[in-house]
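Undergrad: sequence first, predicted coordinates after that:
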There are 2 protein chains.
Amino acid sequence: MPRVSKISKSPPAAVEDILNRLGRNIRTARLRRKLSMEELAERVGISRYVLADIEKGKPTTAIAAYLGTLWALGLLWNMREVADPDRDQEGKILERARSPKTAPKRKTINDDF
Amino acid sequence: MPRVSKISKSPPAAVEDILNRLGRNIRTARLRRKLSMEELAERVGISRYVLADIEKGKPTTAIAAYLGTLWALGLLWNMREVADPDRDQEGKILERARSPKTAPKRKTINDDF
DNA sequence: AAGATATGTTCATTTAAATAAACATAAAAG
DNA sequence: CTTTTATGTTTATTTAAATGAACATATCTT
């Protein structure tokens, strides 16, 4: 992605860490399944070069390429709980701390999207 | 990413699902923390437009932008176990079973013990 | 040894990701 | 009501992500 964001050019150590770990884990899962990079890449719908980037933990690669690879390996379910509001204790506390005071007037309840 | 991969142009439903969920979860976490998109985007090191894309679950956005956002929200730890080899039961079994699979095709006889 | 297979590396080409500015709209805050 | 803040939308510009081909290297198989 052109005009590369700072976060992609030089990610915080924690992000780089997660990316390297993810790449390593994907490679391990692929080898266990005895798939070549070409074979897996084809199943995912990317080129072998992008899969190589993923296994190296490249920050600028599209998230769909990463998730698609997890999906092709049967490991996508690992992502279901990421940032789950129910597990976001910090956020829950902050939300509750917001004093609703008297009566919360609401005309229409939801406002998603 | 130019020459957009098939996986990014039209991801499998499971991938699209995870992306939408992730975007919604990030939005929820941001609002709970009372951060504006501009404020959070600046902390992450991306433009507000990219953060908007993330909250919409855009497939072609760089993974570092997603992970950086989780990081800025204190939610990156959720990613640590993704594709963890220790939790990859399928992979562990395959490795132990040592299945031949799509390796080099044998010409005539094959009778590994 | 040869032959096949897997991955790495370089190069050129395509094209859309990311940015910024400007303006619109919609809520909050005053 | 008026002002401010948050987010959405449009447009133009920049530039590197993704691709494929070709070649290199390494490993594995006869």
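TA: Structure received. Numbering: from 1, shown residues only, chains lettered A, B, ... in the order given.

Undergrad: where does chain A have low pLDDT?
TA: Counting by pLDDT under 70, chain A has low-confidence residues at A:1, A:99-113.

Undergrad: now with 50, please.
TA: Along chain A, segments meeting pLDDT under 50 span A:101-113.

Undergrad: flag every residue of it that's near DNA strand C.
TA: For chain A, the residues in contact with DNA strand C (CB under 7 Å from any atom of the strand) are A:1-6, A:8, A:31, A:36-39, A:48-49, A:52, A:55, A:62. All C-beta atoms are positioned from the backbone trio N, CA, C, and that covers glycine.

Undergrad: in helices, which of those residues fall?
TA: The members of those that map onto helices under DSSP state H are A:6, A:8, A:31, A:37-39, A:48-49, A:52, A:55.

Undergrad: from those, which are also near DNA strand D?
TA: Answer for these near DNA strand D (CB under 7 Å from any atom of the strand): A:8, A:49.

Undergrad: of the ones in helices among the residues of chain A next to DNA strand C, buried ones?
TA: Buried members of those, scored by 16 or more other CB atoms under 10 Å in any protein chain shown, are A:8, A:37, A:39, A:55.

Undergrad: where do the helices sit along chain A?
TA: A:6-9, A:13-32, A:37-44, A:48-56, A:63-72, A:89-97.

Undergrad: Throw these into a markdown table and include distance to B:G68, thanks.
TA: Shown next, in a markdown table, are those (distance: least, CB to CB, whole Å):
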| stretch | distance to B:G68 |
| --- | --- |
| helix A:6-9 | 4 |
| helix A:13-32 | 6 |
| helix A:37-44 | 24 |
| helix A:48-56 | 17 |
| helix A:63-72 | 12 |
| helix A:89-97 | 18 |
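
Undergrad: so of those helices, which one's packed in deepest?
TA: Highest mean neighbour count of those: helix A:63-72, a mean of 27 (counted as mean count of other CB atoms under 10 Å in any protein chain shown).

Undergrad: show residues contacting that one.
TA: Contact with helix A:63-72 is made by A:22, A:26, A:40, A:43-46, A:50-51, A:54, A:76, A:78-79, B:5, B:7-8, B:11-12, B:14-15, B:18-19, B:59-63, B:66, B:82-83, as judged by CB atoms under 8 Å, 6 or more residues apart in numbering or on different chains.
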